[in-house]
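K.L.:
below are the sequence and a predicted model; questions follow.
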Amino acid sequence: MLSWAVTFLVVAIIAGIVGLSGVAGTATNIAYVLFVLFLIFSIVGMFMGRRPPA
């Protein structure tokens, strides 16, 4: 998921350089959402992985 966030961030930067502000804004929003989801899943996975054996 982090790789998709970085991909959309690169697309946003390139679109911003070229002058496509609508595409850049959309790609930036998608990258932000994917990065936040990545952080949430990482934190949940970190805590779920530290359970003692039953």
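P.N.:
Okay, I see it. Since we're looking at a predicted model, the values are computed, not measured.
K.L.:
quick one, helices of this structure?
P.N.:
Taking DSSP state H as the criterion, the chain carries its helices at 2-18, 21-48.
K.L.:
tabulate those (CSV), appending mean pLDDT and mean neighbour count.
P.N.:
(Glycine included, C-beta is placed from N, CA and C.) CSV is the format used below for these (pLDDT from 0 to 100; neighbours: other Cβ atoms under 10 Å):
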stretch, mean pLDDT, mean neighbour count
helix 2-18, 89, 15
helix 21-48, 90, 13
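K.L.:
show me what stretch 36-53 is in contact with.
P.N.:
1, 2, 5 (Cβ atoms under 8 Å, 6 or more residues apart in numbering).
K.L.:
distance between it and the chain's centre?
P.N.:
16 Å (Cα atoms, centre = their mean, to the nearest Å).
K.L.:
cool, stretch 35-54 as well?
P.N.:
17 Å.
K.L.:
swap in stretch 26-45?
P.N.:
That offset, for stretch 26-45, works out to 4 Å (Cα atoms, centre = their mean).
K.L.:
mind saving the C-alpha coords of it as CSV?
P.N.:
Output in CSV follows, covering the C-alpha atoms of stretch 26-45 (Å, rounded to 0.1, in the frame of the first residue of the first chain):
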residue,chain,number,x,y,z
THR,A,26,-6.7,14.2,-7.2
ALA,A,27,-3.5,12.2,-7.1
THR,A,28,-2.3,14.0,-4.0
ASN,A,29,-5.6,13.2,-2.2
ILE,A,30,-5.3,9.6,-3.2
ALA,A,31,-1.7,9.4,-2.0
TYR,A,32,-2.7,11.0,1.3
VAL,A,33,-5.5,8.5,1.9
LEU,A,34,-3.4,5.5,1.0
PHE,A,35,-0.6,6.7,3.3
VAL,A,36,-3.0,7.1,6.2
LEU,A,37,-4.4,3.7,5.6
PHE,A,38,-0.9,2.3,5.5
LEU,A,39,-0.1,3.9,8.9
ILE,A,40,-3.3,2.6,10.5
PHE,A,41,-2.7,-1.0,9.2
SER,A,42,0.9,-0.8,10.3
ILE,A,43,0.0,0.2,13.8
VAL,A,44,-2.8,-2.4,14.1
GLY,A,45,-0.4,-5.1,12.7
